[in-house]
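[1] Any chance you can model this:
(2 chains)
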2 protein chains.
Amino acid sequence: MAAHVPASALQLRSLVKPDQTVMLFLETVDVPQPGADEVLVRIEAAPINPSDLGLLLAGADVTAAVSTGPADRPVVTAPLPDAAMRAAQARVGVPMPVGNEGAGTVVAAGSSPAATVLLGKTVAVAAGAMYSEYRCVPAALCLELPEGTPAADGASCFVNPMTALGMVETMRQEGHAALVHTAAASNLGQMLNRLCLADQIPLVNVVRRDEHEDLLRSAGASYVCNSTSPTFMTDLTAAVTATSATLAFDATGGGKLASQILTCMEAAAMASAGSYSRYGSAVHKQVYIYGSLDRGPTELTRTYGMAWGVGGWLLTPFLQKIGPEEAARLRRRVAAELATTFASSYANQVSLTGALRLDAITAYARQATGSKYLIIPSR
Amino acid sequence: MAAHVPASALQLRSLVKPDQTVMLFLETVDVPQPGADEVLVRIEAAPINPSDLGLLLAGADVTAAVSTGPADRPVVTAPLPDAAMRAAQARVGVPMPVGNEGAGTVVAAGSSPAATVLLGKTVAVAAGAMYSEYRCVPAALCLELPEGTPAADGASCFVNPMTALGMVETMRQEGHAALVHTAAASNLGQMLNRLCLADQIPLVNVVRRDEHEDLLRSAGASYVCNSTSPTFMTDLTAAVTATSATLAFDATGGGKLASQILTCMEAAAMASAGSYSRYGSAVHKQVYIYGSLDRGPTELTRTYGMAWGVGGWLLTPFLQKIGPEEAARLRRRVAAELATTFASSYANQVSLTGALRLDAITAYARQATGSKYLIIPSR
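    Below is the predicted model of the structure:
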């Protein structure tokens, strides 16, 4: 192992305790010696994605969080609502490392050629526990970034890009011709917009704020509907009619948005069907919920016939379903278009300690569009 | 045409009018001469299924219905709520005949051998417009009933039996091992219970009343859960765990029942999974809504991970999906087990005029278990 690697380093942990609180803290862990097929990565950038927050915060009420401990080793404690505590039963007492993906420099490598060749290279990895100063992972999991790519530019090259590609692939596999996407001005949404423009897929972007409407239009989006507008249902029906979109990916989850989308899709289908059917249109209309920006219940009014579905959508089972070869093809595309189609941007960069500041936690817990956080564990 | 067939006869019609009401009445229509491949059936029994009510009542508020006209030609008018009127736009001004299925005697036949052979036979048909004194249909649509079968016993040999078989086939095709069924003491539910017993498929019956629990248990059901019981969630979780049911068919639609079923399925899956997963279990859990006993919104609390789906299920697209050969195989089974597995029972028998009595309308509109209506148009 190279001399500049310390024997121990910091790792962010999330611990749900029996007293119905979650505790966030930095643990000192041994830095392992890589096995033959492994490499040790100094993590230089790891994003806080919405998909990290469930594990990190455990559904806690972060507005009631308190911070104790010294400034360089903060310990944050926040209470869990009853439902969150029930959902967290299986992890009570287990301090969980966090962080789905990140990027950094390979500072030590095992003896195998696959590992050795990565020494000194900047790589991206999606192996969990990435909110760590150092992370030892199988060389096979590393995506080598093009020479000169800053770690920050490669930190988000798995979750969002593969999710955007997964949405488009799901659309093709299930026989739809166009997409609706909500929370469309998010990093993922902007990425999906660029991907759909590149692949000439009609995309209906649903946003909640005027400035996000402008942002997407100036990025080339043809269809942007604002769900806070009094004309939203009319606007969305028109966009769905123009694009023939019968599949939506919804990041909000709770509330009426999924049901509104199905209602507009049904209106579009019935307008083109011509004759009355007592069971509604025969066109299958699908909404996949992949996020939970609104944690409240999903309310379905079922005024869209019988040919509809709502369900959860998650990247990992999708990748298992398409198999390793197809997944590798998608990853190669991400690497090739990392600076263009799949570029990410961050409003805030913080250290591991900074990620545990109360103002930071309340900010990223809100998941507001345009306020994405990047953790720099090496800072 | 045989001499005893009149030149005109009565047919029940449902007309949504621009003034946001539905009008139910008996129309005098010409009795057609059968074409070469057709037969004329004197309809002697036609059930009022939940699937008929959408077309018949158009979502009207039947508690506000009024009846005018002479006793032998009642005209019933009921107001439509706004949402029902929007959904009925395409049928405004079109007097719709009603009645998905029924049975009766072939009283005239066209010249083709397939038609002639049916003359004098009792047949079942699912061709719509069955709330009529006479109905002319293609001979190929007729299911000849075993000699001596009363029309009443063959009247429901399509919708409920094929739906029960469709549920079981869907379970097999989508890789599930057991079923949950709600409103399980209905005619369809009792049929499904007998079918699952015959085919050794574990079935969890969900009911709302103690006497329905007794009814199903005395019919051999192993798992019956009462959704009004304070221990419902515990009971259902235990039954779902015992059966490994990951597919449910829900007749209620509105409210929390679909979500409760998914919650119990997830609890069962997590209990057997062993380790904590932040995204919930990897087992896909599905609820198909095939009815709307509760017309209110479906409320999904989404505390069951990401591997779940809720959607509409309808018999016709299912039959199209499996194709004519497989559908014919299912129909042969229905004919063979009409007096056993697929037997129906009716609490009330009414004439066409009787079906338009206000007390009858409010009764069948309630769709209460154990109060099924059979129309005897020939009465």
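[2] Please count neighbours and contacts with C-alpha atoms only from this point.
    OK.
[3] how about the residues of the stretch 1-150 of chain A near chain B?
    Applying C-alpha under 8 Å from any C-alpha of the partner chain, we find that the stretch 1-150 of chain A lies next to chain B at A:Gly54, A:Leu55, A:Ala87, A:Ala90, A:Arg91.
[4] Wait, the second one touches A:Val94, no?
    Yep, that's A:Leu55 we're talking about. No. In this structure A:Leu55 lies outside contact range of A:Val94 using C-alpha atoms under 8 Å: 11.7 Å.
[5] out of those two, which sits in the more crowded spot?
    A:Leu55 (23 against 13; other C-alpha atoms under 10 Å in any protein chain shown).
[6] tell me which element that one falls in.
    Using DSSP states H and E, A:Leu55 falls within helix A:50-57.
[7] What residues of the helix or strand that that helix is followed by count as buried?
    Remark: after helix A:50-57, the chain's next helix or strand is strand A:66-68, criterion DSSP H and E. Neighbour-count burial for strand A:66-68 flags A:Ser67 (criterion: 16 or more other C-alpha atoms under 10 Å in any protein chain shown).
[8] What is strand A:66-68 packed up against?
    Packing partners of strand A:66-68 (3 or more C-alpha pairs under 8 Å, 6 or more residues apart in numbering or on different chains; DSSP states H and E): strand A:75-79.
[9] helices or strands next to the lengthiest helix in chain A in the packing?
    The single longest helix within chain A, with elements called by DSSP state H, is helix A:315-336. With contacts defined as 3+ C-alpha pairs under 8 Å, 6+ apart, the packing partners of helix A:315-336 are helix A:159-173.
[10] Output the helix it packs on as PDB - backbone C-alpha positions only.
    In PDB, the C-alpha atoms belonging to helix A:159-173 read as follows (Å, rounded to 0.1, in the frame of the first residue of the first chain):
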ATOM      1  CA  VAL A 159     -27.600   6.800 -10.400                       C
ATOM      2  CA  ASN A 160     -29.000   9.600 -12.500                       C
ATOM      3  CA  PRO A 161     -27.700   8.700 -15.900                       C
ATOM      4  CA  MET A 162     -28.700   5.000 -15.600                       C
ATOM      5  CA  THR A 163     -32.100   6.100 -14.200                       C
ATOM      6  CA  ALA A 164     -32.600   8.400 -17.200                       C
ATOM      7  CA  LEU A 165     -31.600   5.600 -19.600                       C
ATOM      8  CA  GLY A 166     -33.700   3.100 -17.700                       C
ATOM      9  CA  MET A 167     -36.800   5.300 -18.100                       C
ATOM     10  CA  VAL A 168     -36.200   5.400 -21.900                       C
ATOM     11  CA  GLU A 169     -35.500   1.700 -22.100                       C
ATOM     12  CA  THR A 170     -38.600   0.900 -20.100                       C
ATOM     13  CA  MET A 171     -40.600   3.100 -22.400                       C
ATOM     14  CA  ARG A 172     -39.300   1.100 -25.400                       C
ATOM     15  CA  GLN A 173     -39.700  -2.300 -23.800                       C
END
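[11] is chain B contacted by it?
    No. Using C-alpha under 8 Å from any C-alpha, helix A:159-173 stays clear of chain B, coming no nearer than 14.3 Å.
[12] Would you mark the buried spots in that helix?
    Under 16+ other C-alpha under 10 Å, the buried positions of helix A:159-173 are A:Val159, A:Asn160, A:Pro161, A:Met162, A:Thr163, A:Ala164, A:Leu165, A:Gly166, A:Met167, A:Val168, A:Thr170, A:Met171.
[13] now swap in stretch A:207-214 and tell me
    A:Val207, A:Arg208, A:Arg209, A:His212, A:Glu213.
[14] same question, stretch A:190-208
    Residues of stretch A:190-208 classed as buried by neighbour count (16+ other C-alpha under 10 Å): A:190-197, A:201-208.
[15] Those residues in helices, which ones?
    A:Gln190, A:Met191, A:Leu192, A:Asn193, A:Arg194, A:Leu195, A:Cys196, A:Leu197.
[16] so what pLDDT did the last one get?
    It refers to A:Leu197. pLDDT for A:Leu197: 98.
[17] how far away is it from chain B?
    Note on A:Leu197: its distance to chain B, by C-alpha to the nearest C-alpha, to the nearest Å, is 28 Å.
[18] residues touching that residue, list them.
    By C-alpha atoms under 8 Å, 6 or more residues apart in numbering or on different chains, A:Leu197 lies in contact with A:Gly220, A:Ala221.
[19] and if you look at the first one?
    By C-alpha under 8 Å, 6+ apart, the contact list for A:Gln190 reads A:Ala184, A:Leu216.
[20] now the residue of the stretch 101-250 of chain A found nearest chain B, what's its secondary structure?
    Nearest residue of the stretch 101-250 of chain A to chain B: A:Gly128, at 11.9 Å (C-alpha to the nearest C-alpha). The three-state assignment at A:Gly128 reads coil, by DSSP: H, G, I helix; E, B strand; the rest coil.
[21] so it makes contact with A:Ala103?
    No. With contact defined as C-alpha under 8 Å, A:Gly128 does not count as touching A:Ala103 (11.7 Å).
[22] So these two - more neighbours on which side?
    Higher neighbour count among A:Gly128 and A:Ala103: A:Ala103, with 31 against 16, using other C-alpha under 10 Å.
[23] Now do the helices in chain A.
    Using DSSP H, the helices found in chain A span residues A:50-57, A:82-87, A:113-116, A:151-154, A:159-173, A:187-198, A:210-218, A:232-243, A:257-273, A:315-336, A:358-366.
[24] Quick check: the gap between the closest residue to A:Thr303 other than its chain neighbours and chain B.
    Nearest residue to A:Thr303 in three dimensions, chain neighbours excluded: A:Thr263, at 6.5 Å (C-alpha to C-alpha, 6 or more residues apart in numbering or on different chains). To chain B, A:Thr263 is 11 Å away according to C-alpha to the nearest C-alpha.
[25] if I read this right, A:Thr263 contacts A:Tyr304, doesn't it?
    Yes. Counting by C-alpha under 8 Å, A:Tyr304 is a contact partner of A:Thr263 at 5.6 Å.
[26] the more surrounded of these two?
    A:Tyr304 (25 against 22).
[27] From what I see, that one and A:Ala269 are in contact.
    No. Assessed by C-alpha under 8 Å, A:Tyr304 is found out of contact with A:Ala269, at 9.7 Å.
[28] Determine the residues that are contacts of both of the two.
    Residues touching both A:Tyr304 and A:Ala269 (C-alpha under 8 Å, 6+ apart) are A:Ser281.
[29] any idea how far the residue lying closest to A:Met23 once chain neighbours are set aside lies from chain B?
    Closest residue to A:Met23 apart from its sequence neighbours, by C-alpha to C-alpha, 6+ apart: A:Thr77 at 4.5 Å. With distances taken as C-alpha to the nearest C-alpha, A:Thr77 is found 20 Å from chain B.
[30] Now do the buried residues in stretch A:291-311.
    Within stretch A:291-311, the residues scored as buried using 16+ other C-alpha under 10 Å are A:291-293, A:297-311.
[31] ok now it, how far from the chain's centre?
    21 Å (C-alpha atoms, centre = their mean, to the nearest Å).
[32] First residue to last residue on that stretch, what's the distance there?
    End-to-end distance of stretch A:291-311 (C-alpha to C-alpha, to the nearest Å): 11 Å.
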